[in-house]
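Student: Provided below for reference: sequence and predicted model.
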Amino acid sequence: MPGLKALHIITGLGAGGAEQQLRLLLRHLPLDCDVVTLTNPGQVAEGLTADGVRVVHLGMSGNRDLSALPRLARLIRHGGYDLVHTHLYRACVYGRIAARLAGVRAVVATEHSLGGTQLEGRALTSGMRALYLASERLGRATVAVSPTVADRLRSWGVPEPRIEVVPNGIDVACFRFDPDRRERTRRRLGLPKDAYVVGGIGRLTAGKRFGVLIDALGRLPRDYMLLLVGSGPEENVLRRAAQRAGVTGRVLFTGEQPYEPDGTHALDLPSLTSAMDVLASPSTEETFGLAAVEGLAAGLPVLYACCPAVEDLPPCLAAGAHRVRGDADAFARALAETRARTGHDPSRPTDRPAPAAARHYCITRTAAQLMDVYAAAVSSPSPSPLGVIP
């Protein structure tokens, strides 16, 4: 599609899985792409700008800031975009309408966070569903990040021909285990050489259930430590939980870290996964499970409560990933059993090859699949216009 110009619209660009996924994707799409963030031009916006991507902050004041709609439509029209791709709920609703008002040829949306009972961590309501479906009809395609999400979209009433499954992707080579990087990172974090480090990656929200890991830590020997990578509104809650469990000195909060070194951060996500000995994901409602795939790419054993990215594959492709049903007791048992089964000695790390599942979710494959969706959207007859914002 030579000369195609695309605009990506996203609700915010603070640290988060969908936001990081967009940045990684833009590095592999052979297109001229700009980005509009409705709110919160945070860490990922800075990273995109460093990558050479033009980022515009629309300055939307809230969910009901209707003045954002004509401003977004004008931006789309004046930018001369051939395709608009929206990400996350608010951006999907406003972005689809604005694109149609601007007379854009093709609109694609990615559904990153549609759970069984939640959408982006908020309880689903009939109003949210009705608004979503009304705006969905204005697009050419809705991309589901897993077959699980595609099933949910179908159950909502999204027509089958408009649903495309394009999984999230990772930079597999970036996460390849490096023993030297492991040693440097553990030394920088002050981790004892013989500590068995349980990793948790994600936003520190109630839905991620990292408190389960803190409680599990209190049931395990003192050489187990917990490394939580992420930030969010539940950080103080988790710190208090660590105090109650008597494991304050064994829980390390790193805050949100970039996907790769950017010159200003001493740590990055692949370095932190190298420092871990096992990755645990106790969230019971995931739409994909990106952290688990990143753990697999780093050669880690992965314990998860819910992970469509693993569950949608044949078991032989995700060796080392095991589902855990239950709370703190179940995760404590699973962590002890994993350590015993692998015979892993933290002070003597060995090579950690990634299973086939990690290669299955390579970002280059994801980008190629998305380009096919774009080609179909651009070549399809355009729906009737809503009207054009001059």
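Tutor: Cool, the structure landed. Numbering: from 1, shown residues only.
Student: where's residue 365 relative to residue 290, distance?
Tutor: Using C-beta to C-beta, to the nearest Å, residue 365 is found at 15 Å from residue 290. (Glycine included, C-beta is placed from N, CA and C.)
Student: the two: which has the busier surroundings?
Tutor: Between residue 365 and residue 290, residue 290 has the larger neighbour count (other C-beta atoms under 10 Å), namely 25 against 16.
Student: show me what contacts the more buried one?
Tutor: 17, 21, 168, 170, 309 (C-beta atoms under 8 Å, 6 or more residues apart in numbering).
Student: likewise for residue 239?
Tutor: Contacts for residue 239 (C-beta under 8 Å, 6+ apart) come out as 248, 251, 253.
Student: ok, so of those, who is nearest residue 64?
Tutor: Nearest to residue 64, judged by C-beta to C-beta, of the contacts of residue 239 is residue 253 at 34.3 Å.
Student: state the phi and psi torsions of the closest one.
Tutor: Dihedral pair for residue 253: phi -100, psi 120, per degrees, to the nearest 10.
Student: count of residues packed around it?
Tutor: Residue 253: 15 neighbours (other C-beta under 10 Å).
Student: just residue 151 next, same as before
Tutor: Residue 151: 13 surrounding residues under other C-beta under 10 Å.
Student: following element in sequence after the helix or strand harbouring it, please.
Tutor: Using DSSP states H and E, residue 151 sits within helix 147-156. As assigned by DSSP H and E, the chain's next helix or strand after helix 147-156 is strand 163-165.
Student: which strands and helices sit next to that next one?
Tutor: Applying 3 or more C-beta pairs under 8 Å, 6 or more residues apart in numbering; DSSP states H and E, one finds that strand 163-165 contacts strand 141-144, helix 147-156.
Student: can you say which of the ones you listed is packed in most?
Tutor: strand 141-144 (a mean of 24; mean count of other C-beta atoms under 10 Å).
Student: can you show me the CA trace of that one as PDB?
Tutor: Output of strand 141-144 as PDB, limited to C-alpha atoms (Å, rounded to 0.1, in the frame of the first residue of the first chain):
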ATOM      1  CA  ALA A 141     -13.100  -3.900  11.000                       C
ATOM      2  CA  THR A 142     -12.700  -4.600  14.700                       C
ATOM      3  CA  VAL A 143      -9.500  -6.400  15.600                       C
ATOM      4  CA  ALA A 144      -9.600  -8.800  18.500                       C
END
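Student: what's the mean pLDDT across it?
Tutor: Averaging pLDDT along strand 141-144 yields 95.
Student: okay, now the sheet partners of it, with direction.
Tutor: strand 106-111 (parallel), strand 163-165 (parallel) (DSSP bridges).
Student: please state the offset of it from the chain centre?
Tutor: How far strand 141-144 lies from its chain's middle: 16 Å, per C-alpha atoms, centre = their mean, to the nearest Å.
Student: I'd like the numbering to begin with 882 instead of 1 from here.
Tutor: Right, with 882 as the first residue, what we last looked at is strand 1022-1025.
Student: how about low-confidence regions in the chain?
Tutor: Scanning the chain for pLDDT under 70 picks out the ranges 882-883, 998, 1000-1002, 1141-1147, 1262-1271.
Student: before we move on, back to that, what is the helix holding residue 1032 packed up against?
Tutor: Using 3+ C-beta pairs under 8 Å, 6+ apart, helix 1028-1037 sits against helix 1007-1017, strand 1022-1025, strand 1044-1046, helix 1189-1192.
Student: give me the contacts around the first one.
Tutor: The one in question is helix 1007-1017. Contacts of helix 1007-1017 (C-beta under 8 Å, 6+ apart): 970, 973-974, 977-978, 990, 1000, 1003, 1023, 1037-1039, 1043.
Student: residue 1186 contacts residue 1089, correct?
Tutor: No - in this structure residue 1186 lies outside contact range of residue 1089 using C-beta atoms under 8 Å: 10.2 Å.
Student: which residue comes closest to residue 969 once chain neighbours are left out?
Tutor: residue 892 (4.0 Å; C-beta to C-beta, 6 or more residues apart in numbering).
Student: list the contacts of that neighbour.
Tutor: Counting by C-beta under 8 Å, 6+ apart, residue 892 touches 918, 919, 920, 921, 968, 969, 970, 971, 972.
Student: among the residues you listed, name the ones in strands.
Tutor: Of the positions in the contacts of residue 892, 918, 919, 920, 968 sit in strands, assigned by DSSP state E.
Student: any chance of TSV for the residues you listed, columns distance to residue 1118 and neighbour count?
Tutor: Shown next, in TSV, are the ones in strands among the contacts of residue 892 (distance: C-beta to C-beta, whole Å; neighbours: other C-beta atoms under 10 Å):
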residue	distance to residue 1118	neighbour count
918	28	27
919	28	25
920	24	21
968	28	27
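Student: of the residues you listed, which is the nearest to residue 931?
Tutor: residue 918 (15.2 Å).
Student: ok, residue 909 touching residue 1245?
Tutor: Yes - Residue 909 is within contact range of residue 1245, at 5.8 Å (criterion: C-beta under 8 Å).
Student: tell me the domain ranges of the protein?
Tutor: 886-1050+1244-1260, 1054-1241 (automatic domain parsing).
Student: list the buried ones in stretch 1214-1230?
Tutor: 1215, 1216, 1217, 1219, 1220, 1225, 1227, 1230 (16 or more other C-beta atoms under 10 Å).
Student: the first one sits in which helix or strand?
Tutor: Using DSSP H and E, the secondary-structure element containing residue 1215 is helix 1209-1223.
Student: ok, residue 912 to residue 963 distance?
Tutor: 9 Å.
Student: give me the common contacts of these two.
Tutor: Common contacts of residue 912 and residue 963, defined by C-beta under 8 Å, 6+ apart, comprise 885, 886, 887.
Student: let's have these in CSV, adding secondary structure and distance to residue 1106.
Tutor: Formatted as CSV, these follow (DSSP: H, G, I helix; E, B strand; the rest coil; distance: C-beta to C-beta, whole Å):
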residue, secondary structure, distance to residue 1106
885, coil, 48
886, strand, 48
887, strand, 44
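Student: report the buried members of the residues you listed.
Tutor: The buried subset of those (16+ other C-beta under 10 Å) comprises 885, 887.
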